[in-house]
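# with the sequence up front, the predicted model follows.
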Amino acid sequence: MAKFRLVIVAALATMVAACNYRNEPAMEDEDLEGRNAVVVHESIDHTVKYVKHAVGYTDDGRMRIQVVLSSKAGKDLALILTAQWFDGGGAVLEQSTPRPMVIPTGGTLVFEDTAFTTGAVYFNVQVRPSNTTRKG
């Protein structure tokens with residue numbers, strides 16, 4: 001019984017540490033978007049989840065990506081996805097045109113894009129909700 005309690009305590013400590021790490025604020029001049037494959041807007045962070053990604057290259061050396069997202073929402077979600085491409089030093093080389101997409105209720109979405117230049121070493125995909133109401 002004592003061994004079981006030790007395992008439970010260790011598991012809880014690990015979960016608390018992981019949750020605390022996820023919510024740490026960014027350090028000054030820290031580029032979180034350049035480090036993460038997918039950046040989900042905070043308003044849908046608990047609804048839209050990054051599942052996985054794949055990276056390939058075209059015959060002429062341009063980076064090609066495929067990103068899979070899933071939704072836990074009880075309705076279809078209209079999203080805007082934008083890819084950024086970075087060089088080896090972390091500088092932004094280019095940004096794709098924002099692309100409207102819909103992730104179905106409780107389903108998955110596959111986002112694919114290809115860099116225009118051959119110098120891309122890293123990428124990220126920014127996911128934000130599509131604003132369907134006008135301000136004014």
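Arrived safely, thanks for sending. What you see is a predicted model, and the numbers here were worked out from it, not measured in a lab.
# any idea how far the residue most central in space within the chain is from Thr58?
Residue closest to the average C-alpha location in the chain (CA atoms, centre = their mean): Val38, at 1.7 Å. Val38 sits 22 Å away from Thr58, going by CB to CB, to the nearest Å. The C-beta positions use only the backbone N, C-alpha and C, and glycine is treated the same way.
# now do the same contact list for Arg62.
Thr114, Ala115, Phe116, Thr117, Thr118, Ala120 (CB atoms under 8 Å, 6 or more residues apart in numbering).
# do that again at 6 Å, thanks
Counting by CB atoms under 6 Å, 6 or more residues apart in numbering, Arg62 touches Thr114, Ala115, Thr118.
# for it, what are phi and psi?
Main-chain torsions, Arg62, degrees, to the nearest 10: phi -80, psi 140.
# what sits closest to it if chain neighbours are left out?
Of all residues not flanking Arg62 in the chain, Ala115 sits nearest, at 4.8 Å (CB to CB, 6 or more residues apart in numbering).
# which residue ranges of the chain form helices?
Along the chain, counting by DSSP state H, helices occupy 2-22, 32-35.
# any stretches of the chain with poor pLDDT?
1-35, 132-136 (pLDDT under 70).
# from what I can see the residue nearest to Arg62 touches Asp87, true?
No: assessed by CB atoms under 6 Å, Ala115 is found out of contact with Asp87, at 10.6 Å.
# and these two? which has more neighbours close in?
Ala115 (23 against 13; other CB atoms under 10 Å).
# how close does that one get to Ala54?
14 Å.
# now do Val38
Distance from Val38 to Ala54, by CB to CB: 13 Å.
# repeat for Leu93
For Leu93, the distance to Ala54 (CB to CB) stands at 20 Å.
# these two: which has the busier surroundings?
Using other CB under 10 Å, the more surrounded residue of Leu93 and Ala54 is Leu93, with 18 against 11.
# next up, the contacts around the more buried one.
Trp85, Asp87, Thr117, Gly119, Ala120.
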